[in-house]
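Trainee: how would this look folded up:
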Amino acid sequence: MFIIGALFFIFGFFTWINGTLIPYLKIACQLKSDLQSFLVVTAFFIAYAVMALLFCISSGLLAAAACTFL
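Mentor: Next up, the predicted model:
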(Lines give C-alpha, C1' and ligand atoms only; values in the text may rest on other atoms or scores of the structure.)
Protein backbone atom coordinates (compact mmCIF):
# COMPACT_ATOMS: atom_id res chain seq x y z
CA MET A 1 0.00 0.00 0.00
CA PHE A 2 2.90 2.32 0.73
CA ILE A 3 4.31 1.79 -2.78
CA ILE A 4 0.98 2.69 -4.40
CA GLY A 5 0.73 5.82 -2.27
CA ALA A 6 4.29 6.82 -3.11
CA LEU A 7 3.71 6.25 -6.84
CA PHE A 8 0.57 8.42 -6.66
CA PHE A 9 2.56 11.36 -5.33
CA ILE A 10 5.50 10.77 -7.69
CA PHE A 11 3.25 10.73 -10.77
CA GLY A 12 1.36 13.73 -9.44
CA PHE A 13 4.61 15.64 -8.99
CA PHE A 14 5.76 14.86 -12.53
CA THR A 15 2.38 15.89 -13.91
CA TRP A 16 2.58 19.20 -12.04
CA ILE A 17 6.20 19.89 -13.00
CA ASN A 18 5.44 19.06 -16.65
CA GLY A 19 2.98 21.94 -16.85
CA THR A 20 5.41 24.30 -15.15
CA LEU A 21 8.24 23.51 -17.55
CA ILE A 22 6.30 24.19 -20.78
CA PRO A 23 7.74 27.70 -21.36
CA TYR A 24 11.29 26.43 -20.81
CA LEU A 25 10.69 23.44 -23.05
CA LYS A 26 9.47 25.81 -25.74
CA ILE A 27 12.78 27.67 -25.58
CA ALA A 28 14.99 24.59 -25.29
CA CYS A 29 13.37 22.73 -28.19
CA GLN A 30 12.92 25.91 -30.26
CA LEU A 31 9.17 25.36 -30.65
CA LYS A 32 7.49 28.06 -32.67
CA SER A 33 3.94 28.03 -31.30
CA ASP A 34 2.07 27.27 -28.09
CA LEU A 35 0.31 24.43 -29.88
CA GLN A 36 3.60 22.61 -30.38
CA SER A 37 4.52 22.98 -26.74
CA PHE A 38 1.12 21.75 -25.56
CA LEU A 39 1.45 18.69 -27.78
CA VAL A 40 4.17 17.63 -25.35
CA VAL A 41 1.61 17.64 -22.53
CA THR A 42 -0.84 15.74 -24.72
CA ALA A 43 1.81 13.11 -25.45
CA PHE A 44 2.47 12.86 -21.72
CA PHE A 45 -1.17 12.02 -20.94
CA ILE A 46 -1.46 9.67 -23.94
CA ALA A 47 1.55 7.83 -22.51
CA TYR A 48 -0.36 7.51 -19.20
CA ALA A 49 -3.35 5.99 -21.02
CA VAL A 50 -1.23 3.57 -23.05
CA MET A 51 0.71 2.52 -19.96
CA ALA A 52 -2.53 1.88 -18.05
CA LEU A 53 -4.04 -0.13 -20.90
CA LEU A 54 -0.90 -2.24 -21.28
CA PHE A 55 -0.89 -2.91 -17.56
CA CYS A 56 -4.55 -3.92 -17.59
CA ILE A 57 -4.09 -6.19 -20.58
CA SER A 58 -0.95 -7.84 -19.18
CA SER A 59 -2.45 -8.42 -15.75
CA GLY A 60 -5.84 -9.60 -16.98
CA LEU A 61 -7.70 -6.75 -15.32
CA LEU A 62 -9.25 -5.63 -18.59
CA ALA A 63 -10.90 -9.02 -19.15
CA ALA A 64 -12.13 -9.07 -15.57
CA ALA A 65 -13.58 -5.58 -15.89
CA ALA A 66 -15.27 -6.45 -19.19
CA CYS A 67 -16.90 -9.49 -17.59
CA THR A 68 -18.40 -7.39 -14.80
CA PHE A 69 -20.27 -5.22 -17.30
CA LEU A 70 -21.85 -8.20 -19.12
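
Trainee: what's the helix or strand for the residue nearest in space to the middle of the chain?
Mentor: By CA atoms, centre = their mean, the mean C-alpha position of the chain lies nearest to residue 48, the distance being 3.0 Å. Per DSSP states H and E, residue 48 falls inside helix 34-59.

Trainee: so for that helix, mean pLDDT?
Mentor: For helix 34-59, the mean per-residue pLDDT is 82.

Trainee: list the contacts for the nearest residue to residue 41 once chain neighbours are set aside?
Mentor: Nearest non-adjacent residue to residue 41, counting by CB to CB, 6 or more residues apart in numbering: residue 18, 6.2 Å away. Bear in mind the C-beta positions are built from the backbone N, C-alpha and C, glycine included. Counting by CB atoms under 8 Å, 6 or more residues apart in numbering, residue 18 makes contact with 40-41, 44.

Trainee: what's the pLDDT at residue 18?
Mentor: 81.

Trainee: so residue 25 sits against residue 37, correct?
Mentor: Yes. The criterion here is CB atoms under 8 Å, and residue 25 meets it with residue 37 at 6.1 Å.

Trainee: between these two, who's got more neighbours?
Mentor: Per other CB atoms under 10 Å, whichever of residue 25 and residue 37 has more neighbours is residue 37, with 18 against 15.

Trainee: so what's the nearest residue to the more buried one once chain neighbours are set aside scoring on pLDDT?
Mentor: Excluding the flanking residues, the one nearest residue 37 by CB to CB, 6+ apart is residue 26, at 4.4 Å. Residue 26 is assigned 86 on the pLDDT scale.
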